[in-house]
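below: sequence and its predicted model.
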Amino acid sequence: MQTIRGRIIAIFIVCLTFICVLSGLYWWGVVSIREKLHVSEQFEDLLNNILEARRYEKNFLFYRDYDSLNENIHYLNEVEELAQQLSQDITRVFGKKAFDYFDMTLKSYKKVMVAFVEPGAQVPPEDKAEEVRRLGKAVVDFTYDLLQYKRKRIHDALTVTLTLPFGFFGVVILLLMVVTHLISSKVLKPLALMRQTTGRIAAGDFSPINYDGNGEDEISQLLGAFNRMAGELESRQDQLVQSRKIAAIGTFTAGIAHELNNPINNIYLTAETLLEDYEDLSPPEGKELVLDVLNQAERAGEIVRNLLDFSRNEMPSFAPLKIKDVIDRTFKLVKNQIMLAGIRVVMDIPPEIPSIRGNSRNLEQIFLNLFINAVQAMTGGGTIEVQAQRHGTGHVRVDVRDTGKGIESDHLQHIFEPFFTTKGVGRGTGLGLAVTYALVKRHGGYIEVTSEVGVGTTFSVYLPIPTVEEHASHENAHSDPR
């Protein structure tokens, strides 16, 4: 009974039992009606014989026809014999007391009629005729009531028998309702939930299915296995994100190395100048050179810190962030690569844009992937335009638009799939946009893409605006404890 299969089998067994019982009752009802009809026919024969005896009784009383008297006695003999045969049925219908009354009345009636046949009997006086009529009427009334009651019993039995098919139909309907409910609640509903969850997993949401099952039926076991699979996919997704980080680091390592080389060269040149002209420098000039060394060292340290922060793998925490700060930090990571590619960057991020709810490192990776894709799409230079605006009441929309070669319409529906790439061999793994899609979904947002071949591509990232409670919680967490 713990499994769906066991429940369905149990329901069918119960319903089959009901059907067998109803079929047995129906068969018993038909047989009972047949027996009642047979008895009713015998009651009708009994009544007909009594009516015939009374008809000859009237002929005898009116016309003094002794042949009619003999016929009357003949029918009374048959009535008496038939009454004895039906004694059990009459007793079952009317009771022993009523049958004894009928038997006594019938015998009294016959006794009076037989007395007229005895030698020397005279034409019955009026008082005898009245007694004959009274006894005959009592016998007829009793038999008529007996027949009517028997017919009523047959009618009642027939009514009950005719209701049995409705009971059978009701049991079938009940069976269908129970099975339909069981299949709907225990099979179809969980499968629909699984279908929705599959869509969420494809969108990067790996939260498990909450299902109130007993844990032992087939669907509960299937959903349990599905949740375990979702957990494994989530862990693999985290590994994929980290792998993409490593791939991204490899992509812009040259740019970072060149950017680090600039402050290191400046430090070297400044230190060399300070060493050569140390004796000729005034204190303010020497101090300026030392400050320049410190500034360049701080610049190099910031580049390294950004790279380390980006490559660190940890469970993301979400907080209110300024989208401009996120994009500025990301742009610094690929600034040199963009400049070397001869690409112009246009930023349009109004200061009144509300904060977003997100994780800084994850958002940096999202926009880093979009910037790198834009750079790789514009081999002969071009323009990257970053525009932010409020979208509705709950999101901020960030458009990253390039003037590259564009994406063919056949490829647009596949660009967020893992390992799908239109780049040449060695230029892409097909993971960047898949990871971007997953990270955006993890933030509770979504991403769209429009493209026209020969014109360019626009990626639109929709990120949620934090609630008032999230703002207050973040401010309390970073408030001065004094």
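It's in. Residues are numbered from 1 along each chain as shown.

what about the strands in the stretch 351-482 of the chain?
When assigned using DSSP state E, counting those that start in this stretch, the strands of the stretch 351-482 of the chain occupy the ranges 356-358, 382-391, 395-402, 446-452, 456-464.

ok, the third one: who's next to it in the sheet?
Its sheet considered, strand 395-402 pairs with strand 382-391 (antiparallel), strand 456-464 (antiparallel) by DSSP bridges.

hmm, back to that, quick check: which of the strands of the stretch 351-482 of the chain is nearest to Val179?
When the strands of the stretch 351-482 of the chain are compared by Cβ to Cβ, strand 446-452 sits nearest Val179, at 40.2 Å. In this view, the C-beta of every residue, glycine as well, is placed from N, C-alpha and C.

give me the angle between the closest one and strand 456-464.
With axes from the mean of the first three to the mean of the last three Cα atoms, to 10 degrees defining the directions, strand 446-452 sits at 170 degrees from strand 456-464.

for strand 446-452, name the packing helices and strands.
helix 409-412, helix 432-442, strand 456-464 (3 or more Cβ pairs under 8 Å, 6 or more residues apart in numbering; DSSP states H and E).

buried sites along it?
Tyr446, Ile447, Val449, Ser451 (16 or more other Cβ atoms under 10 Å).

returning to that earlier point: deepest of the strands of the stretch 351-482 of the chain, which one?
Across the strands of the stretch 351-482 of the chain, averaging neighbours per residue (mean count of other Cβ atoms under 10 Å) puts strand 356-358 on top, at a mean of 25.

what about that one, average pLDDT?
Mean pLDDT, computed over strand 356-358, is 90.

contacts for that strand, please.
The contact list for strand 356-358 (Cβ atoms under 8 Å, 6 or more residues apart in numbering) reads 318-323, 326, 363, 396, 443-444, 463-466, 470.

most widely separated two among these?
Lys322 and Gly444 (17.9 Å).

and Val14, how far from Leu188?
For Val14, the distance to Leu188 equals 22 Å [Cβ to Cβ, to the nearest Å].

quick one on the thing from earlier: check the contacts of strand 356-358 for the minimum pLDDT and say which it is.
Per-residue pLDDT puts Glu470 lowest of the contacts of strand 356-358, at 66.

now the helices for this structure?
4-63, 66-85, 87-94, 96-115, 126-183, 189-202, 218-251, 253-276, 283-311, 323-340, 360-377, 409-412, 432-442, 468-477 (DSSP state H).

between those helices, which one is nearest to Gly392?
That would be helix 323-340 among those, by Cβ to Cβ, at 15.6 Å.

number of residues surrounding Asp103?
15 (other Cβ atoms under 10 Å).

could you do the one 10 residues further on as well?
Burial of Met113 is recorded as 22 neighbouring residues (other Cβ under 10 Å).

how near is it to Arg134?
Taking Cβ to Cβ, one finds Met113 at 13 Å from Arg134.

and if you look at Ala271?
151 Å.

could the helices of the chain be laid out in a markdown table, adding distance to Phe459?
Shown next, in a markdown table, are those (distance: least, Cβ to Cβ, whole Å):
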| stretch | distance to Phe459 |
| --- | --- |
| helix 4-63 | 46 |
| helix 66-85 | 103 |
| helix 87-94 | 93 |
| helix 96-115 | 100 |
| helix 126-183 | 44 |
| helix 189-202 | 19 |
| helix 218-251 | 16 |
| helix 253-276 | 21 |
| helix 283-311 | 20 |
| helix 323-340 | 13 |
| helix 360-377 | 5 |
| helix 409-412 | 11 |
| helix 432-442 | 8 |
| helix 468-477 | 26 |
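
do you know which of these lies nearest Arg401?
helix 360-377 (8.2 Å).

between strand 395-402 and the closest one, find me the angle.
30 degrees.
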